[in-house]
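Chemist: Quick one: sequence and predicted model below, then my questions.
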Amino acid sequence: MGWRRPILTSVALVALSVAPAAVPRAADAVPGAAAKEPPAGPSAAVMRQWSRSCALCHVDGTGGAPRIGRADEWQPRLAKGREVLLQHTVEGFNNMPPLGYCMSCEAEDFRALIDFMTGAAP
């Protein structure tokens with residue numbers, strides 16, 4: 001268990017540092033916009049899924065995984081199309097394990113996770 005603690009601590013710290021920045025508050029975006037609905041961003045469920053599965057490799061590029069927030073690393077994969085990226089996520093590809101360690105994720109979850117990591121979240 002000793003080796004897990006530093007990894008889990010690192011993942012937790014990254015998840016905490018990424019999550020608040022990923023969901024802008026409406027009040028910060030436009031003066032007087034606090035009464036309006038905030039812009040859509042990753043849900044809390046998506047952030048939990050990301051920190052439990054995707055973050056294991058996509059924070060530091062383990063096994064050649066493209067790192068979160070690094071458009072240059074995601075571009076060759078995105079150039080093949082989002083459906084190919086989704087297929088590789090579900091089926092596994094190269095060092096990417098099938099389902100990316102998220103056994104409870106559905107196709108829409110994977111799409112949201114891919115959008116979050118590539119910076120294309122709606």
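Modeler: Arrived safely, thanks for sending.
Chemist: Poorly predicted segments of the protein, please.
Modeler: 1-41, 120-122 (pLDDT under 70).
Chemist: Okay, helices next: where are they in it?
Modeler: 4-22, 26-29, 44-49, 55-58, 71-78, 82-91, 107-118 (DSSP state H).
Chemist: Okay, buried residues for stretch 53-66 please.
Modeler: Neighbour counts using 16 or more other C-beta atoms under 10 Å place 53-59, 65-66 of stretch 53-66 among the buried residues. Using the backbone N, CA and C atoms, a C-beta is placed for each residue, glycine as well.
Chemist: how about the residues you listed in a markdown table, adding distance to residue 98?
Modeler: Formatted as a markdown table, those follow (distance: C-beta to C-beta, whole Å):
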| residue | distance to residue 98 |
| --- | --- |
| 53 | 12 |
| 54 | 14 |
| 55 | 18 |
| 56 | 14 |
| 57 | 14 |
| 58 | 16 |
| 59 | 20 |
| 65 | 14 |
| 66 | 18 |
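Chemist: and of these, the nearest to residue 96?
Modeler: Closest approach to residue 96 among these (C-beta to C-beta): residue 65, at 7.2 Å.
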